[in-house]
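Colleague: Generate coordinates for the sequence data below:
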Amino acid sequence: MWSITARLLSLTLVLHITQGARASTNEDRYPSPRIVILGATGVGKSSLANVLVGRDKNYGGANFRNGCFKVSAGLDSITKKTCADQGYWLGDTSKERFTVIDTPGFGDQLLAEEKTIENLVTTLRDQVKYVHVFIIAFKQN
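Modeller: Residues are numbered from 1 along each chain as shown. Coordinates of the predicted model:
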């Protein structure tokens with residue numbers, strides 16, 4: 001079994017390799033820059049994603065499936081799949097559009113974590129194609 005660090009390094013390598021796929025652009029669906037938010041369950045990944053596109057930090061996830069961008073006060077994982085949304089930086093429509101990618105949390109059961117990483121890699125490789133920034137969110141104690 002791979003450690004989380006090894007899996008994320010392999011993800012970075014896969015994404016670096018697929019940057020050559022820019023010839024088949026998908027900017028209309030995923031405008032650049034493309035930001036992926038990673039972190040443990042309950043650290044506020046969805047809240048951060050919502051704020052970045054100008055929504056309330058406690059957005060209920062309307063119009064999204066699999067718990068994407070939905071915020072809950074509990075410690076249970078709400079986001080079940082990797083998913084992307086586009087918006088204007090902090091909701092300012094005078095700015096250019098960008099893509100933010102919400103991900104399920106790490107730190108759940110090992111089998112679930114393996115599926116999370118598999119879904120993350122597949123979504124980024126096959127749909128998003130390339131990423132500009134990875135944000136690693138964590139709780140400060």
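Colleague: got any ranges where this protein has weak pLDDT?
Modeller: 1-24, 66, 74-75, 108 (pLDDT under 70).
Colleague: Identify each buried residue in stretch 30-42, please.
Modeller: Neighbour-count burial for stretch 30-42, counted by 16 or more other C-beta atoms under 10 Å, picks out Tyr30, Arg34, Ile35, Val36, Ile37, Leu38, Gly39, Ala40, Thr41, Gly42. Placement of C-beta: from N, CA and C, glycine included.
Colleague: go on, stretch 131-141?
Modeller: Val131, Ala137.
Colleague: Quick one: residues contacting the residue lying closest to Pro33 once chain neighbours are set aside.
Modeller: The shortest distance from Pro33 to any non-neighbouring residue, by C-beta to C-beta, 6 or more residues apart in numbering, is to His132 (4.0 Å). Contacts for His132 were tallied using C-beta atoms under 8 Å, 6 or more residues apart in numbering; they are Ser32, Pro33, Arg34, Ile35.
Colleague: Apply 10 Å and report the result again.
Modeller: His132 makes contact with Gln19, Ser32, Pro33, Arg34, Ile35, Val36, Phe98, Thr99, according to C-beta atoms under 10 Å, 6 or more residues apart in numbering.
Colleague: isn't the third one right next to Thr99, touching?
Modeller: Right, the one you point to is Pro33. Yes. Counting by C-beta atoms under 10 Å, Pro33 does reach Thr99; the two are 7.4 Å apart.
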